[in-house]
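Peer 1: next come a sequence and a model predicted from it.
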Amino acid sequence: MSLTSFFDDKSDDEVLNAKILVCVKAIGTMPTSTSKEGDPVRTLNVVICDQSSEATLSVSGPVVSSAILWKEHSTILLLSSPAKRLGYNLTITARSLVEINPNVSEAEHLRRWSQHENCPINEPFPVALFDIEAIAHAPIRLQFTLASLDSFIRASPSQPHTGYLSVILTKLHLLSLWKRQQLFSMQCRCGQPIYANVRSGHCAACDTSEIKLRINANLVSEMTDETGAISSTSFFLPSTSPHPPPNRSKTTQVPSMSRQHSRRPSKILWTDEAWTQLLGRSPEQLAKLVLDTGDGSAQAQHNLNTLRYLEQRLMFMRVILLVGWTGDDEPGGRLAVLGVVG
Ligand SMILES: [Zn+2]
């Protein structure tokens, strides 16, 4: 049964025999309480989800040692006879059974759905997936259009594809992200989005500090070529793109197909090197530049003008990107920008 029907169900008997298939969404902190006998009790709160809803699963005792190894958006749990608690909370009792990563096709389906839906706002670049040196020096170089890349991916979604894309940067958010203190971002391991204009952040939700932040992928929020458009938050934009390319063919099916393939939440992954090549400065140098922009001094004004000039210079610039498709398996199928080569 789904999480929603589990919580909506008012008859206790049926819930006793409930089986719910869920995905681990976030693993919380572990407050230690004391039992009646004075022994420390470890309790772990795990946010779980399915297509209907999300809830918090509290686990304690020996299960905690297993639960701390669960992976967000990857571990699937089949909960048999969990106990309902107030609100959208549930727990495991002596009567319950937890099967981890059950070998059923529904589990794989739920995992993929979760990875698509819960694409983190930012994440470390999956360096192990691409040998960038080898790809950049390969004798055969594929030149994609957005439409042809889409065809390649649809033909074999689990295969990694690499090649070159020539696109125009049609939407940039350098200044607006700076104003909103969101130039750098990362998703905390508890699931909380962290934003700042500096390279390190603190999570107020779970009190984790020194979280290494990366450049917010929304800095380049839209790129366009003659066959389609791609946004930092959606693989291909609907045809109502505010900047339609001049030669867009009326028969191009890219935008509508992307909806059927539900690639909407897959954010583009950029390497730090690609950001450095695009912006002409490393993420550290960008952080340094924006550090002194708020105090009204001559230096602050100069730095702000540099940011403004940078955004204006990049706007509508044509760039050639070395790109790679991660494959659909991990982390749910994402497009990566490995380098800006021209
Ligand atoms: Zn956190």
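Peer 2: Nice, I can see it. Numbering: from 1, shown residues only.

Peer 1: the chain against the ion: which residues are in contact?
Peer 2: Within the chain, the residues that sit near the ion (Cβ under 5 Å from the ion) are 188, 190, 192, 203, 205, 206, 208. C-betas here are computed from N, CA, C, even on glycine.

Peer 1: for residue 231, what are phi and psi?
Peer 2: Residue 231 adopts backbone torsions of phi -120, psi 160, taken as degrees, to the nearest 10.

Peer 1: setting the sequence-adjacent residues aside, check what's closest to it.
Peer 2: With sequence-adjacent residues excluded and distances taken as Cβ to Cβ, 6 or more residues apart in numbering, residue 231 is closest to residue 222, at 4.9 Å.

Peer 1: how many neighbouring residues does the residue nearest to residue 34 when sequence neighbours are not counted have?
Peer 2: Leaving aside its chain neighbours, residue 34 sits nearest to residue 40 (6.1 Å; criterion: Cβ to Cβ, 6+ apart). Other residues within reach of residue 40 by the criterion other Cβ atoms under 10 Å amount to 8.

Peer 1: and what of residue 109?
Peer 2: Residue 109 has 13 neighbouring residues, counting by other Cβ under 10 Å.

Peer 1: equivalent analysis for residue 180, please.
Peer 2: Using other Cβ under 10 Å: residue 180 sits among 12 other residues.

Peer 1: okay, the nearest residue to it once chain neighbours are set aside and the ion: tell me how far apart.
Peer 2: The shortest distance from residue 180 to any residue that is not its chain neighbour, by Cβ to Cβ, 6+ apart, is 7.6 Å, and that residue is residue 195. When distances are taken as Cβ to the ion, to the nearest Å, residue 195 and the ion turn out to be 13 Å apart.

Peer 1: got the phi and psi for residue 285?
Peer 2: Backbone torsions for residue 285, taken as degrees, to the nearest 10, come to phi -70, psi -30.

Peer 1: what sits against residue 310?
Peer 2: Applying Cβ atoms under 8 Å, 6 or more residues apart in numbering, we find residue 310 in contact with 174, 279, 280.

Peer 1: list the contacts for the last one?
Peer 2: Taking Cβ under 8 Å, 6+ apart, we find residue 280 in contact with residue 310.

Peer 1: any idea how far it lies from the ion?
Peer 2: From residue 280 over to the ion (counting by Cβ to the ion), the distance is 33 Å.

Peer 1: if we can go back for a sec, where does the residue nearest to residue 231 land in three-state SS?
Peer 2: Counting by DSSP: H, G, I helix; E, B strand; the rest coil, the backbone at residue 222 sits in strand.

Peer 1: identify the bridge partners of it.
Peer 2: Residues found in beta-bridge contact with residue 222 (criterion: DSSP bridges) are residue 171, residue 231.

Peer 1: that one contacts residue 168, correct?
Peer 2: No. At 9.3 Å, residue 222 and residue 168 do not qualify as touching, with contact defined as Cβ atoms under 8 Å.

Peer 1: of these two, which one has the most company?
Peer 2: More crowded of residue 222 and residue 168, by other Cβ under 10 Å: residue 222, with 22 against 17.

Peer 1: hmm, who's touching stretch 60-76?
Peer 2: The set of residues external to stretch 60-76 that reach it, using Cβ under 8 Å, 6+ apart, is 21-27, 30, 41-44, 46, 59, 77, 91-92, 98, 100-102, 107, 110-111, 114-115, 118, 189, 191, 331-332.

Peer 1: meant to ask about stretch 334-342
Peer 2: Taking contacts as Cβ under 8 Å, 6+ apart, the residues outside stretch 334-342 that touch it are 119, 125-126, 129-130, 132, 135-136, 149, 162, 164, 230, 235, 266-271, 273-274, 277-278, 319-326.

Peer 1: recalculate using a threshold of 6 Å.
Peer 2: Contacts of stretch 334-342 from elsewhere in the structure, counted by Cβ atoms under 6 Å, 6 or more residues apart in numbering, are 130, 132, 266, 268-271, 274, 277-278, 319-326.

Peer 1: using PDB, write out every CA atom in that stretch.
Peer 2: This file holds the C-alpha atoms of stretch 334-342, laid out as PDB (Å, rounded to 0.1, in the frame of the first residue of the first chain):
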ATOM      1  CA  ARG A 334      22.200  13.700 -15.800                       C
ATOM      2  CA  LEU A 335      23.900  15.900 -18.400                       C
ATOM      3  CA  ALA A 336      27.400  17.000 -17.300                       C
ATOM      4  CA  VAL A 337      29.400  19.900 -18.700                       C
ATOM      5  CA  LEU A 338      33.000  18.600 -18.600                       C
ATOM      6  CA  GLY A 339      34.600  21.600 -20.200                       C
ATOM      7  CA  VAL A 340      34.100  24.900 -22.100                       C
ATOM      8  CA  VAL A 341      36.400  24.500 -25.100                       C
ATOM      9  CA  GLY A 342      35.500  27.500 -27.200                       C
END
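
Peer 1: check which element follows the helix or strand in which the residue nearest to residue 180 is found along the chain.
Peer 2: The secondary structure element spanning residue 195 is strand 193-196 (assigned by DSSP states H and E). Past strand 193-196, further along toward the C-terminus, the next helix or strand under DSSP H and E is strand 200-203.

Peer 1: sweet, I'm off.
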